[in-house]
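In: Need a 3D model of the following:
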Amino acid sequence: MEEEFSQSLTPPVSPSALDHYGESAPSRPPCFTCAYEPGREETGRLSSNGYISRGALKRLLLKLDPAPADFEGDTVDIFDFPWVTETALVESTKLLFGLFRQRVLKLETLVQSSSHDFGQASSLHYEAEELRQQCVLFLSYIKVFIYRFLEPSQSLDEGPVHPFKDAEAQLPSVLVEELFSITQLIGRIKNLPANVQSALTIQHQGKSFWSYINALLQTVLKGTPSGGRDPGLPMHCKDSDGFTWWLITHLAQIGMHNRNGTAQQEKQLEDNWNFVMGLLKSSCDPKKAAQEEQIRMIVHCCLSLSLMWGPNVSAVTTLWEYYSKNLNSSFTVPWLGVSGLGSISRTPLCLLQQAKSCCSPASVGSSSHTQLYRSTNSFHIFLHILALHLSQEHAGGAPWRQIKGRLYSKFHQRRMTELSDTGLLHFLLLFLVLAQCAELEDVASRACDLLAMLPADSTPPALRALQWRGQLALLLLYLEKGLDAGALAEQLATYFSQAAREFYLKTTEPSRKLALWAPLSSYLEGVSEVFETSPNLTLSEERLLNEGFGLLLPACRQSELSSALGFLQTVLAQLRRAHQRCGQPSHSVDSFSWVPLPSVAKERHQAVAAALWSHFFPFLCSMRLSQTPPSQLADAAAGFTLLALDMPGSAPQNLQPHPIQSIMQSFGWDEMLHPLLVTHYLNHLLQNGELVSWVSSGPGSGSAQALCVRAWIRCVLQQYLHKSQDAPDTRAGRNLDEQLAELTRQILRLPEVESVLQRAGLHPAAAKDPKPAMAVFIKAVGRSYCELQLLSERSSAVSRALEYVGDIVKYIKPYLLNKSREGLQLAYWTVGCLVKHWSHLLATSRAQQQLFRIVDVLLLSHALLQQDSGAHTQMLSALKESLPLFLQGLSVAVSVSQSQGAYLKQQLHRVISQYLSRFLPSTPSTGAVVNHPVLLAACESTPTPQGERLRRSILHVLRENFLQFKGHAPPPRLAAVLSFLLELLKRNNDRDPALLTVPLPLVLRCLMLVNEPQVKRLSTEVTQLIVERCTAAAGEQPCEHTTTILRAFVEENEGVYDQQVYNVLEVVAVLHPFTVTALIPFLSLSLRKTECKRGLGKNTSLRNGYRRLLALLGDSGQAEMISLEED
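Out: Residues are numbered from 1 along each chain as shown. Take a look at the predicted model:
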């Protein structure tokens, strides 16, 4: 501070002024100057009259008194008039500023009246200088007055205010207004004419600036001052090179701005490349062994300078000399962590995008440019510089010719074999940048030649994978620029084929195969990107698909096969996309400006399709019968089907002339296919509107829809074949359930299925699950058939229905072997629905063989007929639930069959007899009898002809097989049989005597011969029920059927069981006397015949039994008793 204020602040004034005012005059105000002290320029000290040396700037910044030694007296002389120091500005504001304006106007008048006369000019100069000093003094007084005497504004209290206080309160606003008017009067530098401003502008564009800076920086770099002069810069930098790079870069950035701080496109300073090149060579000197963090900073600075000053070929070549020797380095900075590590791109497209990111450097001030130091390594930054050099506008290829030889000369066979995976990655990035910014074909050819120097037998698979990714990235560039990539694709496909052959050989070690999969999978990923990127597939892309795939696919394991088939799906989809776009007018702006002719495009698409059919489709056909098909197999097969739809002529000859049908037969309709494959395949296809249209209206469309329905039904039936019984809820099982549900929705949308459902008046919307939906469809087919009237329509409907189900017994036979509980239940229930709802249809001559087979395999098979076999437990359980459906359907079929009715009736009786016995308990059990499947089949709330026919069959079976006596021995399980018979009669309201009386003779025999109480009771209840219903049906007259049966019963047993016959008739008489009364004449005649045959006269005991019967018959019985007494 003492040095700053060592100069005199109060120069001497005239003695008259001291005598007149008693105070010293104010000191001369400081000037705005950056010049050195006159005569002492070598010391580097600034002028003593400047703001800095006088301390005025520091006082302003520290908010101190602007002039502490000035204006200390009571009065001050301003504009040649004395004023009171503390009040002048308040009391005479307008007057003082008016005087200031007069001086300014007088100055302007003096300038305009300037003369070439040196004497007059000197006089005008001194006068003008005096006027300027008066104005400066006034402005200094204003600053001092504001600091010392202006008080903060306060609110005025109500009441009278002193005029001075009022004026003092208004002073700030008045000062602002007056000062603003002064600025308007004087004007601003920026408003000066252009010729005046240009005269004030430095024209040498920083040449002397860089010369001075370079001299200073040389001192910093050498560490000793030059010329014995202290430059004011640090002599002992910790990192002098780094400081120098930093300073030059930031000074260059400042040079890109104008004096207002606005960034300019044109540089304000000339470049300083000469000095930078010396610094760069020194920094990259191998003797210094600079670390990556230093090199990265240096290259980053070079990039910034190249962006500001323009590229420099010497800088590029110098950096390349360094990197060509260090390609294998990882260029990592340990303290940056993983953010500073370079990452190997996983796919060719990522590799190409990484190279492209180096070809479009961001501006110097952007955040992405600033973050380059942390986000990428120094080699990538060098690639930014290289791309910037090669991309110079209006250079005419000169930049490329300048460095082409230097770049290529560093690579030869020995150097290529020395490259590590990191070095090869840097090599590929370098050539991709060159290909992007220079001559693509020349660079690609050179890169492939160099890569071919890598020995195929000793190159590690990981390195080979990276090599292929790089070549595929070059191929992507070819496609982007619309160049034919045939030669490059052919070379790459040859490498792939050789690796695939080695992968295929059985002699190859498993570890070697595992290693080989790395380059092979890279090839698949890269070729996928090629097909996804190519807009038209007309640049020889098919050459990438060669015989190597025919060797690769059979050798793949499950996970590897999934990748390969996923690749195939991508290629198929892209081929179809390109073919569909071919010939269509494009209204979108595409990045690819070239569009091939439709004829050329179609020819190339045929070549791609031929490669796919030749190298991939045979393998899919070999895998289609696999019991563990990969999920992508169905998608790939569906892709080929859709390809055949779009390009039918491309399919091989063995699929012609109907390739779609042939493929669908192989992958969707074949009965040997795994349900998961079929459902996935058909779901993929039926979601395609074009294919559904073909299925609905193409050649053989009706058959195609029927075959799709058959495949659906088969998959529903066989869904449990491939589920583990121990753990059915596996991933594969859940996947099959999802696919089946989706296939169900797709099948129900087929036009033919919708038509069948509409004709039947059924709506499957509620039946979303496959099982109920299938039942609704089966019911709809049966109902639609019954509504048809014409014979031709019925015949066609039978053929179509048989197409729907196919050999349904064959589909479910595996369940009969593995005894899957869920599978058996589903199989029996489905076929039961089929037999019930298609009974009319299955009874026809064309379909009855299907019905016979169902009965023989599912109902009367040898395994089921074995009573002592324990293996059929699951089958019996499933059959028990579905038996009512079979019985109801068979009963109807018996009634409508025209050719095999008798045989069907025999089979029906066999089934009834078999399972009536199988499910009947040995003793009457309410639950067992009530829930007996034969009983459930026969019961209905409202009698129908179909139900009546079934009950008639059941009653006949009961009479023939369950109520027959062997001599005097009653049939087995008689009580249970009678209980079943009673329940059958009770739960149906039959009124037909012919039906009701079918079992009556044998029931009467049970009543007559069996004394077991339970049998007696059940026989009595059955007899009562039959007689009551028959009598009710006959009305007032005796029931002829009942009477006939009773008469036959008496005739059959007279003379043998006379007394027992009367006991039975007594039971009937008690239940219904009117029925027995009609038999009195017959009974009396029978009694007399019996006595006559015996020849012993009247039989007292027989007549006594008869009298007891007559006693129950009212008047008619009494009259007959009198007649007997008269005998």
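In: Now Cys350: which helix or strand?
Out: Using DSSP states H and E, the element containing Cys350 is helix 348-357.
In: State which helix of the chain is the longest.
Out: Across the chain, the longest stretch assigned as helix under DSSP state H is helix 118-148.
In: Now do that one: which elements does it pack against?
Out: strand 75-78, helix 88-91, helix 93-112, helix 163-186 (3 or more CB pairs under 8 Å, 6 or more residues apart in numbering; DSSP states H and E). Heads up, the C-betas are built off the backbone N, CA and C, glycines and all.
In: let's see it at 7 Å
Out: strand 75-78, helix 93-112 (3 or more CB pairs under 7 Å, 6 or more residues apart in numbering; DSSP states H and E).
In: what's the angle between the last one and helix 118-148?
Out: Put plainly, it is helix 93-112. 160 degrees (axes from the mean of the first three to the mean of the last three CA atoms, to 10 degrees).
In: tell me the pLDDT at Ser861?
Out: Looking at Ser861, its pLDDT stands at 87.
In: What's the local residue count around it?
Out: Applying other CB atoms under 10 Å, we find 14 other residues in the vicinity of Ser861.
In: Now it: closest residue in space, sequence neighbours ignored.
Out: Leaving aside its sequence neighbours, Ser861 sits nearest to Leu816 (CB to CB, 6 or more residues apart in numbering; 7.4 Å).
In: Please spell out which residues along the longest helix of the chain are buried.
Out: Neighbour counts over helix 118-148 (16 or more other CB atoms under 10 Å) mark 124, 128, 131, 134-135, 137-138, 140-145 as buried.
In: what does stretch 863-880 give?
Out: For stretch 863-880, by 16+ other CB under 10 Å, it's Leu864, His872, Gln874, Met875, Leu876, Ala878, Leu879, Lys880.
In: can you check stretch 963-975 too?
Out: For stretch 963-975, by 16+ other CB under 10 Å, it's Leu963, Pro970, Arg973, Leu974, Ala975.
In: Do a quick rundown of the strands in the chain.
Out: Using DSSP state E, the strands of the chain run over 75-78, 81-84.
In: if we can go back for a sec, if we take the buried residues of helix 118-148, which one ends up nearest to Val957?
Out: Using CB to CB, Lys143 is the member of those that sits closest to Val957, with 130.5 Å.
In: Now for the nearest residue to that closest one once chain neighbours are set aside: which residues touch it?
Out: Distances taken as CB to CB, 6+ apart place Pro66 nearest to Lys143, at 4.5 Å, with adjacent residues excluded. For Pro66, the contacting residues are Ala56, Arg59, Leu60, Lys143, Val144, Tyr147, by CB atoms under 7 Å, 6 or more residues apart in numbering.
In: Let's test this: what are the backbone torsions at Pro66?
Out: phi -60, psi -40 (degrees, to the nearest 10).
In: per-residue confidence for it?
Out: Pro66 is given a pLDDT of 79.
In: Could you do Pro231 as well?
Out: So, for Pro231, pLDDT stands at 50.
In: Ok, Asn191 next?
Out: On the pLDDT scale, Asn191 gets 69.
In: Please apply the same query to the one 3 residues further on.
Out: Among the per-residue scores, Ala194 shows a pLDDT of 67.
In: so where's the stretch 551-700 of the chain uncertain?
Out: 583-594, 698-700 (pLDDT under 70).
In: Show me where it has its helices.
Out: 558-581, 598-615, 617-623, 631-646, 659-664, 675-686, 689-697 (DSSP state H, counting those that start in this stretch).
In: The buried residues of helix 118-148 into JSON lines, with extra columns for pLDDT and distance to Glu1012?
Out: Compiled in JSON lines, these are given as follows (pLDDT from 0 to 100; distance: CB to CB, whole Å):
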{"residue": "Leu124", "pLDDT": "79", "distance to Glu1012": "159"}
{"residue": "Ala128", "pLDDT": "84", "distance to Glu1012": "154"}
{"residue": "Leu131", "pLDDT": "86", "distance to Glu1012": "153"}
{"residue": "Gln134", "pLDDT": "87", "distance to Glu1012": "152"}
{"residue": "Cys135", "pLDDT": "87", "distance to Glu1012": "147"}
{"residue": "Leu137", "pLDDT": "88", "distance to Glu1012": "149"}
{"residue": "Phe138", "pLDDT": "86", "distance to Glu1012": "146"}
{"residue": "Ser140", "pLDDT": "86", "distance to Glu1012": "144"}
{"residue": "Tyr141", "pLDDT": "86", "distance to Glu1012": "145"}
{"residue": "Ile142", "pLDDT": "86", "distance to Glu1012": "140"}
{"residue": "Lys143", "pLDDT": "85", "distance to Glu1012": "139"}
{"residue": "Val144", "pLDDT": "84", "distance to Glu1012": "142"}
{"residue": "Phe145", "pLDDT": "84", "distance to Glu1012": "141"}
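In: pLDDT below threshold where in the stretch 101-250 of the chain?
Out: 114-121, 152-161, 188-192, 194-207, 224-236.
In: one more time with 90, if that's ok
Out: For the stretch 101-250 of the chain, applying pLDDT under 90 flags the ranges 101-213, 215-242.
In: The stretch 851-1000 of the chain too?
Out: 861-876, 897-901, 921-929, 940-944, 966-969, 989-992.
In: which residues of it fall in helices?
Out: Using DSSP H, counting those that start in this stretch, helices in the stretch 851-1000 of the chain cover 862-865, 873-896, 901-918, 926-930, 933-938, 945-957, 974-986, 993-996, 1000-1009.
In: that older thread, who touches the helix holding Cys350?
Out: Residues contacting helix 348-357 (CB under 7 Å, 6+ apart): 345, 428-429, 432-433, 436, 469-470, 472-473, 476-477, 526, 529, 533.
In: and Thr538, how many residues sit next to it?
Out: Neighbours of Thr538 using other CB under 10 Å come to 25.
In: Next, it: phi, psi?
Out: According to degrees, to the nearest 10, Thr538 has phi -130, psi 20.
In: One more: Pro596?
Out: The phi/psi pair for Pro596 (degrees, to the nearest 10) is phi -70, psi 160.
In: Mind splitting the protein into its structural domains?
Out: 15-196, 814-959+967-990, 994-1127 (automatic domain parsing).
In: Take those domains and lay them out in TSV including distance to Glu293.
Out: Below are those laid out as TSV (distance: least, CB to CB, whole Å):
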stretch	distance to Glu293
domain 15-196	36
domain 814-959+967-990	68
domain 994-1127	106
